[in-house]
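Undergrad: got a sequence here, can you build the structure:
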Amino acid sequence: MARVRPATRDDIPRLTRLIERSVRELQRREYTERQIEGALETLFGADRWTQREDDALDPAVDAAKIRAFFVHPGWARRGLGTLLLERCEQAARGAAFRRFELGATLTGVHLYRSRGYREVDRIELRLANGELVPVVRMVKE
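TA: As a prediction, the model looks like this:
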């Protein structure tokens with residue numbers, strides 16, 4: 001079984017490289033090169049995107065927000081995405097959350113559907129380079 005641990009500040013350089021490689025290789029079928037570059041700069045680049053809601057959530061009324069996670073392309077489709085998602089859900093359940101919400105890339109929709117999430121909306125986010133990127137809002141109850 002894979003060992004999962006919280007990231008530390010020392011992990012940031014390796015995680016930055018992992019994110020870039022994962023996005024460039026695993027998302028190239030669904031997104032254009034300009035969308036990928038814009039997403040790396042805006043959405044996935046060192047947690048720079050500031051349009052997130054970071055207020056404290058109330059598990060009695062709010063859904064837990066599952067944020068982005070990335071898998072090395074060499075380890076894709078081997079259960080690591082499922083493992084990471086399960087760990088996120090377990091942590092949220094431990095904090096009394098019973099509902100989950102996320103914004104999926106087109107690449108991730110199949111994974112989330114297979115784990116019980118359903119699509120509730122599709123939006124387009126404008127990236128720093130002017131490109132629009134589709135995101136699928138999904139929930140699990």
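
Undergrad: contacts, neighbours, all on C-alpha from now
TA: OK.

Undergrad: okay, helices next: where are they in the protein?
TA: Under the criterion DSSP state H, the chain carries helices at the ranges 12-26, 33-42, 80-94, 109-114.

Undergrad: how far away is the closest residue to Glu131 other than its chain neighbours from Pro134?
TA: In this structure, Glu131 finds its nearest non-sequential neighbour in Gln35, 5.9 Å apart by C-alpha to C-alpha, 6 or more residues apart in numbering. Going from Gln35 to Pro134 by C-alpha to C-alpha, to the nearest Å gives 9 Å.

Undergrad: ok so, going back, wait, what's in contact with the residue nearest to Glu131?
TA: Leu127, Glu131, Leu132, Val133 (C-alpha atoms under 8 Å, 6 or more residues apart in numbering).

Undergrad: identify the residue nearest the residue of the chain most remote from its centre in space, chain neighbours excluded?
TA: No residue in the chain sits farther from the centre than Ala60, which is 23.4 Å out by C-alpha atoms, centre = their mean. Counting by C-alpha to C-alpha, 6+ apart, Phe97 is the residue found nearest to Ala60 once chain neighbours are left out, at 7.3 Å.

Undergrad: just give me the closest of the contacts of Gln35 to Gly81.
TA: Val133 (21.5 Å; C-alpha to C-alpha).

Undergrad: what bridges to that closest one?
TA: Leu125 (DSSP bridges).

Undergrad: contacts only, for it.
TA: Contact partners of Val133, counting by C-alpha under 8 Å, 6+ apart, are Tyr31, Gln35, Ala39, Glu124, Leu125, Arg126, Leu127.

Undergrad: what's the distance between the last one and Arg87?
TA: Going back to what we said before, that points to Leu127. Counting by C-alpha to C-alpha, the gap from Leu127 to Arg87 is 29 Å.

Undergrad: between the two, who's got more neighbours?
TA: Leu127 (20 against 14; other C-alpha atoms under 10 Å).

Undergrad: quick one: contacts for the closest residue to that one other than its chain neighbours?
TA: Leaving aside its chain neighbours, Leu127 sits nearest to Gly38 (5.5 Å; criterion: C-alpha to C-alpha, 6+ apart). Counting by C-alpha under 8 Å, 6+ apart, Gly38 makes contact with Leu127, Ala128, Asn129, Gly130, Glu131.

Undergrad: done for today, thanks.
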